[in-house]
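Peer 1: Have a look; sequence and predicted model below, questions after that.
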Amino acid sequence: MRSNPAAAIGLTLTLALAACGEAPPPTDEAGSSVRDSAGIQVVENAAAVWNEGSGWHLGEVPLLDIGRLDGPDETQFFQVSSGARLSDGSFVLGSFGSHDLRRFTADGEHLWTVGREGEGPGEFAGLTQLVAGPGDTLLTYDFRQRRFSRFAPDGTFIDSHPLAGPSESGFGFVETLMADGSAVFTWREFDRDSGPPSEGEISRDTINIHLVDSAQEGSADLGTFPGTETVVLQSGETEGGFTIAIGPTPFARSTQVAGGTSGVWLGDTDRFEIRRYDIHGGLEAIIRRSWTPVVVDDALIQRAIDEELEDADDDDQRRFVRRRWESTPTPETLPAFEAIRIDRGGNAWVQQFQIPGVPERTWSVFDADGRWLGDVVFPDRFSPLEIGDDYVLGRFGDELDVEHIQIWELVKPTG
């Protein structure tokens, strides 16, 4: 059964990027080739680097599992959106649902909780990003308040500053907050004079992607890209404006974006192609991976509907699920992938689009140069919050939809 914690945040703003249509060059014995195109590296991956027995994989069971339905308050989790491990092995979790930060020892003992819902210093209204910076300083971003904040390792609030977007009227969403304080964010402008769109309207608006440095003094514009395929679910006028409820279409195409020590990686989910930019916004590489599109047929659609109905909380949600599928056309094939994450070593992890009815979640791993190393399988309902050199910290939802936080060993065979 699939789980989509990001849906709880409300309006999901992801993007799409046009891909090149050049024919792939011949590959070498390792399954990949590299060529230069006007100063941009083009990496074609026909096969993975890892051989049988040399691929990375998770341990057999989690090293740590906390979170119980009837446990203490500090281990009852609600929409954990982010997490970061500190230098002593302890870790901090950021919760979109409970509007707080919680620190635990490496063994899972609760140390402290800070934050609450609100707009004051150290308070949150839409916490989506958390990362550990130099000296274990905690950096956060609240998308509803468009605000970055810093906390000391003991949870003490230090300071905050707003996201400096290109205008005052748009909607900004930080996709990735990096350890040095720089951030990749998307920006969308709404035309308030045109009135609300019609219910059932399907569109793919454009979104701008920007990179801003840690001091908020310099920024780079990565470009304007097609946004997520969306459908208007509800629409209505209010005094001085209008309200809309927008959701992704079934099997929606989008652009996923993530940043880390190896740069900013952008990918169009319509095909397996990722673009890597440097910290100044310059395009450095185009990385492609061979893949076979999955055909969308009636049986696959029914499995997807059944999974969404099973995940629905009440009759209203189930009615919404049926209406969305009945009123929205489906594409001929599934997207190539659905998420990108950059681990602490600069490797890019690209989650292949999860096929309805297939429980495992498969992530293709690329090194900083764009070589496809191989695939790592994660358990169903497990979503990584942070990937380190030898661990994966993530969120897991059990059969009762109880949130757990788990740490898994990331095994990297030698030789």
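Peer 2: Perfect, thanks for sending it.

Peer 1: Point to the residue nearest the middle of the protein.
Peer 2: For the chain, Ala339 is the residue whose C-alpha lies nearest the centre (CA atoms, centre = their mean; 5.3 Å).

Peer 1: wait, doesn't that residue sit right on Phe353?
Peer 2: No: Ala339 lies out of contact with Phe353 (CB atoms under 8 Å); the separation is 9.2 Å. Bear in mind the C-beta positions are built from the backbone N, C-alpha and C, glycine included.

Peer 1: residues contacting the residue nearest to the centre of the chain?
Peer 2: 256, 350-351 (CB atoms under 8 Å, 6 or more residues apart in numbering).

Peer 1: May I ask which helix or strand encompasses it?
Peer 2: strand 337-342 (DSSP states H and E).

Peer 1: roughly how far out does that strand sit from the chain middle?
Peer 2: 6 Å (CA atoms, centre = their mean, to the nearest Å).

Peer 1: What residues are bridge-paired with Phe366?
Peer 2: Ala348, Trp372 (DSSP bridges).

Peer 1: if I pick it, what's in contact with it?
Peer 2: 45, 274, 287, 289, 347-350, 372-373.

Peer 1: mind checking how far it is from Gly394?
Peer 2: Distance check for Phe366 against Gly394: by CB to CB, to the nearest Å, it reads 20 Å.

Peer 1: Which elements pack onto the helix or strand hosting Leu130?
Peer 2: Under the criterion of DSSP H and E, Leu130 resides in strand 127-132. For strand 127-132, the packing partners by 3 or more CB pairs under 8 Å, 6 or more residues apart in numbering; DSSP states H and E come out as strand 80-85, strand 91-95, strand 100-104, strand 138-142, strand 171-177.

Peer 1: That strand pairs with which strands?
Peer 2: strand 138-142 (antiparallel).

Peer 1: Which positions in stretch 54-65 come out as buried?
Peer 2: The neighbour-count check on stretch 54-65 (16 or more other CB atoms under 10 Å) flags 55-58, 62-64 as buried.

Peer 1: ignore the last one, stretch 130-145
Peer 2: For stretch 130-145, by 16+ other CB under 10 Å, it's 130-133, 136-143, 145.

Peer 1: quick check, nearest of those residues to Ser82?
Peer 2: Leu130 (3.8 Å; CB to CB).

Peer 1: For that closest one, give the beta-bridge partners.
Peer 2: Here Leu130, judged by DSSP bridges, has bridge partners Thr140.

Peer 1: for it, what are its contacts?
Peer 2: Contact analysis of Leu130 by CB under 8 Å, 6+ apart lists 81-84, 92-94, 101, 138-140, 177.

Peer 1: so where is the stretch 301-415 of the chain shaky, pLDDT-wise?
Peer 2: 415 (pLDDT under 70).

Peer 1: my bad, the chain
Peer 2: 1-30, 169, 190-197, 216-218, 234-242, 244, 415.

Peer 1: Dump the helices and strands packed on strand 127-132 to CSV, plus distance to His210.
Peer 2: Output for the helices and strands packed on strand 127-132, formatted as CSV (distance: least, CB to CB, whole Å):
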stretch, distance to His210
strand 80-85, 20
strand 91-95, 22
strand 100-104, 26
strand 138-142, 14
strand 171-177, 9
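
Peer 1: Which among these is found nearest to Leu309?
Peer 2: Leu309 lies closest to strand 80-85 among these, at 24.7 Å (CB to CB).

Peer 1: so what secondary structure elements neighbour the closest one?
Peer 2: strand 91-95, strand 127-132, strand 382-387, strand 391-397, strand 403-411.

Peer 1: Make CSV from the ones you listed and add distance to Arg319 to it.
Peer 2: As requested, the helices and strands packed on strand 80-85 are exported to CSV (distance: least, CB to CB, whole Å):
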stretch, distance to Arg319
strand 91-95, 29
strand 127-132, 28
strand 382-387, 27
strand 391-397, 23
strand 403-411, 26
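
Peer 1: Out of these, flag the one nearest Ser37.
Peer 2: Taking these one by one with CB to CB, strand 382-387 is closest: 30.0 Å.

Peer 1: Just give me how far that closest one sits from the chain centre.
Peer 2: Mean-position distance between strand 382-387 and its chain equals 10 Å (CA atoms, centre = their mean).

Peer 1: So which residues of the stretch 201-350 of the chain form helices?
Peer 2: 298-311, 315-327 (DSSP state H, counting those that start in this stretch).

Peer 1: Let's have the ones you listed in CSV, adding distance to Thr249.
Peer 2: Shown next, in CSV, are the helices of the stretch 201-350 of the chain (distance: least, CB to CB, whole Å):
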stretch, distance to Thr249
helix 298-311, 12
helix 315-327, 8
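
Peer 1: quick one: which of those is nearest Asp398?
Peer 2: Distance to Asp398, taken as CB to CB, is lowest for helix 298-311 among the helices of the stretch 201-350 of the chain, at 13.0 Å.

Peer 1: quick one: contacts of the closest one?
Peer 2: Contacts of helix 298-311 (CB under 8 Å, 6+ apart): 1-3, 250-251, 294, 318, 321-322, 325, 330, 334, 355-357, 401.

Peer 1: Would you mark the buried spots in that helix?
Peer 2: Buried residues in helix 298-311, counted by 16+ other CB under 10 Å: 300, 304-305, 307-308, 311.

Peer 1: got it, and stretch 165-174?
Peer 2: 165, 172-174.

Peer 1: and if you look at stretch 323-334?
Peer 2: 324-325, 328, 330, 334.

Peer 1: how long is that stretch from one end to the other?
Peer 2: Criterion CA to CA, to the nearest Å; first-to-last residue distance in stretch 323-334 is 20 Å.

Peer 1: Show which residues not belonging to it make contact with it.
Peer 2: 200, 202, 231, 233, 247, 249-251, 253, 293-296, 300-301, 304-305, 308, 353, 355.

Peer 1: Whichever of those end up buried, select them in PyMOL.
Peer 2: Selection of buried members from the contacts of stretch 323-334 for PyMOL, criterion 16+ other CB under 10 Å:
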select buried, resi 231+233+247+249+250+251+253+294+296+300+304+305+308+353
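
Peer 1: contacting residues for Val92?
Peer 2: 83-84, 86, 101-104, 130, 132, 138.

Peer 1: same question, Gln41
Peer 2: Gln41 touches 34-35, 284-286, 369-370, counting by CB under 8 Å, 6+ apart.
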